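>>> What shape does this take:
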Amino acid sequence: SSGINAEWPLRPGSESRDYNIIKSVQSRLGINRSSRNFLGSEIISSLPLQMSLFYNAYFSPLWFTATLTSLLLKHSELPEYYQFVTPTVFCMMSMLEAIRLYCGYLGNLQERVPELAAFWMVTLVLQLPLCLYSLLNTGSIVPPLEVSVQGILLGFL
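Now for the predicted structure:
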């Protein structure tokens, strides 16, 4: 077969002519070994998780604005106990969303296991039940705007 195999194992310690030719051709073609960090170990961050976090970070201000607007409009019509519970849930979700996105970015991109574990725990133990409460609560008034943004947020979770 003619052509250069980009996956051919290169030996950085080798000063052979073949090694230098391969490295030169790879640099001209834009082939790099970007799946490895500076110590030579393989990077194992998750691209689907990073894409989800990226789009979730852009969606969060829209979610915050829509949910806050919905909360302000319906607050006076809620029963007395929901007038306390619903804003509390909104405040908790807002703070947890910021913590969750921060831990997700840090844990995934820098491959830090404690931050990634915190991301998954905040997502599954705290954020998911609060989102389901906001979306499926039948005793409260849930306008269509809130249903749509909570549904999208649930999709990101």
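>>> Please enumerate the helices of the protein.
Here the chain has its helices, by DSSP state H, at 17-29, 47-74, 80-109, 113-121, 128-136, 144-156.
>>> okay, the ones you listed in CSV with mean pLDDT and mean neighbour count next?
Any C-beta I mention is one placed from the backbone N, CA and C, and that applies to glycine too. Shown next, in CSV, are the helices of the chain (pLDDT from 0 to 100; neighbours: other C-beta atoms under 10 Å):
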stretch, mean pLDDT, mean neighbour count
helix 17-29, 61, 12
helix 47-74, 87, 15
helix 80-109, 87, 17
helix 113-121, 86, 15
helix 128-136, 85, 16
helix 144-156, 82, 16
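>>> Stretch 94-106: how far from the chain's middle?
Between the centre of stretch 94-106 and the centre of its host chain there is 8 Å, according to C-alpha atoms, centre = their mean, to the nearest Å.
>>> now do stretch 147-157
Mean-position distance between stretch 147-157 and its chain equals 14 Å (C-alpha atoms, centre = their mean).
>>> now stretch 140-154
Centroid separation for stretch 140-154 versus its chain: 20 Å, with C-alpha atoms, centre = their mean.
>>> do the same with stretch 132-146
With C-alpha atoms, centre = their mean as the basis, stretch 132-146 stands 24 Å off its chain's centre.
>>> residues in contact with that stretch?
With C-beta atoms under 8 Å, 6 or more residues apart in numbering as the test, stretch 132-146 has contacts from 66-67, 69-70, 73-74, 77-79, 82, 86, 89-90, 93, 147, 150-151, 154.
>>> just stretch 109-120 next, same as before
Defining contact as C-beta under 8 Å, 6+ apart, one finds that stretch 109-120 is touched by 43-45, 50, 99-100, 103-104, 106-108.
>>> for stretch 84-91, same thing?
By C-beta under 8 Å, 6+ apart, stretch 84-91 touches 67-68, 71, 75, 78, 130, 133-134, 140.
>>> want to try TSV for those residues, with distance to residue 118 as columns?
Shown next, in TSV, are these (distance: C-beta to C-beta, whole Å):
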residue	distance to residue 118
67	24
68	26
71	27
75	32
78	33
130	16
133	22
134	22
140	30
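>>> From residue 71, how far off is the closest residue to residue 66 other than its chain neighbours?
Nearest non-adjacent residue to residue 66, counting by C-beta to C-beta, 6 or more residues apart in numbering: residue 149, 4.5 Å away. Separation of residue 149 from residue 71 (C-beta to C-beta, to the nearest Å): 12 Å.
>>> No more questions from me, cheers.
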